[in-house]
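> The amino acid sequence is not available; the structure is as follows:
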Ligand code: ATP
Ligand code: MG
Ligand code: MG
Ligand code: MG
């Protein structure tokens, strides 16, 4: 690519609202442009990066035997009603109506659509196992879009869904996906860690997250350096000895209740203003999918300082969760295992109802080992706040690892991938079956596997940057090599040598950017460094006289002289 024919649009300053280095650098380098809250245009330069990530993801998925398809982004309400998720997915789902007043959503995820497809197309065990994937735009109306593409509302996800006759087959594919994910992040050149994870909005049994390690990550990961134990601190399963679907007992509620009962007490307990309590009580529910509409009655909230639910929304939320008395809450708790599962395991979840606005029950109940560790941690603040992580660090660090093989330590991560064994959760709800060897109808086993393709770009920049700009791993840099000719417009020798090198590199299959804009060296160097091109070749009259050019790697302290005739082989 010749820079004169490309669209480079770098900026000296980043807008004020960009908090994270990756967000600032992506804007300054002109990789993305903001359209609105959580909405970004991928500029040609940024799209090159995104496409490289996509290509690696696609290759590894194909290698692992997954089959690419592409499902509609817009999904009919009826499908989501079959699994009960239309009601419970919550405000993250963007709901839309067509001209006939029919309800749709812009897909935040695709379990319902794929399960519908599979129940129509799969007849026999002979067709199984199957693993379908797509790379597609998702929309989630995040409560707080921020960090640019890392927590956007519209973002690119690779989502895969596998179907099986039995658990053993599901486990096999789950393993293969675990390995494929490890390959993806290794090939992308990222420092990452796989951890046991909560099953969140998607639901199901076993689950792992893949995190890019970065101090700015929103998640806190507890791991044991002397064993392979690693878990997200918001973990619901995996910290033994926990029954994943165990519901909290009323006793736990009672144990916790003395902590806080009223908005004033919450305010005092968490050390935040009353209005902030009201405003910051966000309906959380982890957007647990549920087939039982009754469970909707039970609303979980996470007390965090940053949620932007206004009072009206809160009123609404509370309005739909009415409990007359404690007995009723108890009934709901007892009837809601699976839905409530994560609650007793989640150290920072509180329960709120119209009843509990007056009698706020706090679930800092320490029902699992990590919960015990975290007891007493002030969860009023955002997990991404440095002070917050310090609190958790003080509590967790140095404590014995649940596997008994060492002590725990803490780091922060950016969730870039998440794999789940869904089992029969969706297939059951949607009657997705196959005929077994005996011609008998059986419910399908299912897994699902997500990668935040666009988030990866931001996460990589969080890991790779310096005062001059982005340091992309070679695997995802927009160009591998920049040629910076000094005196492009003045020296025929320089121009000829630069063009020859450009053509030679292109012929060798190297992604090369020739800076033929006629800019001063300072401007060229600053741009190429800012956008994170790994290799730079400077061609000038003086060097050419001796048959040399200057080479500098993006992270090298200084340039080295290389013979022009050797440079192509050096860069291959
Ligand atoms: P998070 O905890 O960060 O909100 P999630 O657990 O809700 O993510 P999943 O449902 O597991 O997300 O979706 C699969 C992947 O999609 C995530 O691992 C993440 O990399 C990516 N992802 C999720 N939400 C966003 C978002 N708002 N912006 C960009 N990528 C996202
Ligand atoms: Mg989320
Ligand atoms: Mg998550
Ligand atoms: Mg997740």
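Alright, I've got the coordinates. The structure displayed is predicted, hence computed values, not measured ones. Ligands and ions are numbered 1, 2, ... in the order given.

> Where do the helices of the stretch 101-250 of the chain begin and end?
With DSSP state H, counting those that start in this stretch, the ranges of helices along the stretch 101-250 of the chain come out as 111-121, 167-187, 250-256.

> wait, does the second one make contact with ligand 4?
No: against ligand 4, helix 167-187 shows no contacts by C-beta under 5 Å from the ion, the least distance being 12.6 Å. Where C-beta positions appear, they are placed from N, C-alpha and C, glycine not excepted.

> rewinding a little: next, format the helices of the stretch 101-250 of the chain as CSV and append mean neighbour count and mean pLDDT.
Formatted as CSV, these follow (neighbours: other C-beta atoms under 10 Å; pLDDT from 0 to 100):
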stretch, mean neighbour count, mean pLDDT
helix 111-121, 20, 98
helix 167-187, 19, 97
helix 250-256, 16, 29
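
> And for the one residue in the chain that gets nearest to ligand 1, the neighbour number?
Of all residues in the chain, residue 452 sits closest to ligand 1, at 2.2 Å by C-beta to the nearest ligand atom. For residue 452, the count of nearby residues is 26 (other C-beta atoms under 10 Å).

> Could you list which residues are in contact with the closest residue to it other than its chain neighbours?
Of all residues not flanking residue 452 in the chain, residue 416 sits nearest, at 5.2 Å (C-beta to C-beta, 6 or more residues apart in numbering). Counting by C-beta atoms under 8 Å, 6 or more residues apart in numbering, residue 416 touches 185, 190, 192, 210, 211, 212, 451, 452, 455, 456, 459.

> thinking the first one is in contact with residue 212, fair?
Meaning residue 185. Yes: here residue 185 reaches residue 212: they are 7.4 Å apart, a contact under C-beta atoms under 8 Å.

> Show residues contacting stretch 104-113.
Against stretch 104-113 from outside (C-beta under 8 Å, 6+ apart): 71-77, 79-80, 82-83, 85-86, 89, 92-98, 134, 136, 138-140, 157, 159, 161, 201-202, 289, 422, 426, 430, 446, 448, 450.

> which element follows the longest strand seen in the chain toward the C-terminus?
In the chain, with assignment by DSSP state E, the single longest strand is strand 409-423. Next along the chain after strand 409-423, taking DSSP states H and E as the criterion, comes helix 425-430.

> Centre of the chain to that next one, how far?
With C-alpha atoms, centre = their mean, to the nearest Å as the basis, helix 425-430 stands 25 Å off its chain's centre.

> One more: stretch 120-136?
Worked out by C-alpha atoms, centre = their mean, stretch 120-136 lies 25 Å from the chain centre.

> end to end, how far does it reach?
Stretch 120-136 has an end-to-end distance of 22 Å (C-alpha to C-alpha, to the nearest Å).

> Quick one: check that stretch for contact with ligand 1.
No: contact of stretch 120-136 with ligand 1 (C-beta under 6 Å from any ligand atom) is absent, the minimum separation being 11.3 Å.

> Could you check which residue of the stretch 401-550 of the chain lies nearest ligand 4?
Distances between the stretch 401-550 of the chain and ligand 4 by C-beta to the ion are smallest at residue 418, namely 3.6 Å.

> so that residue sits right up against residue 206, yeah?
No: look at residue 418 against residue 206 with C-beta under 8 Å: they stay out of range, at 11.7 Å.

> list the contacts for the residue of the chain closest to ligand 1?
Counting by C-beta under 8 Å, 6+ apart, residue 452 makes contact with 155, 156, 157, 415, 416, 417.

> Recalculate using a threshold of 7 Å.
Neighbour list for residue 452: 155, 157, 416 [criterion: C-beta atoms under 7 Å, 6 or more residues apart in numbering].

> okay if I get the residues you listed as a markdown table plus pLDDT and distance to residue 406?
Output for the contacts of residue 452, formatted as a markdown table (pLDDT from 0 to 100; distance: C-beta to C-beta, whole Å):
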| residue | pLDDT | distance to residue 406 |
| --- | --- | --- |
| 155 | 98 | 36 |
| 157 | 98 | 35 |
| 416 | 98 | 26 |
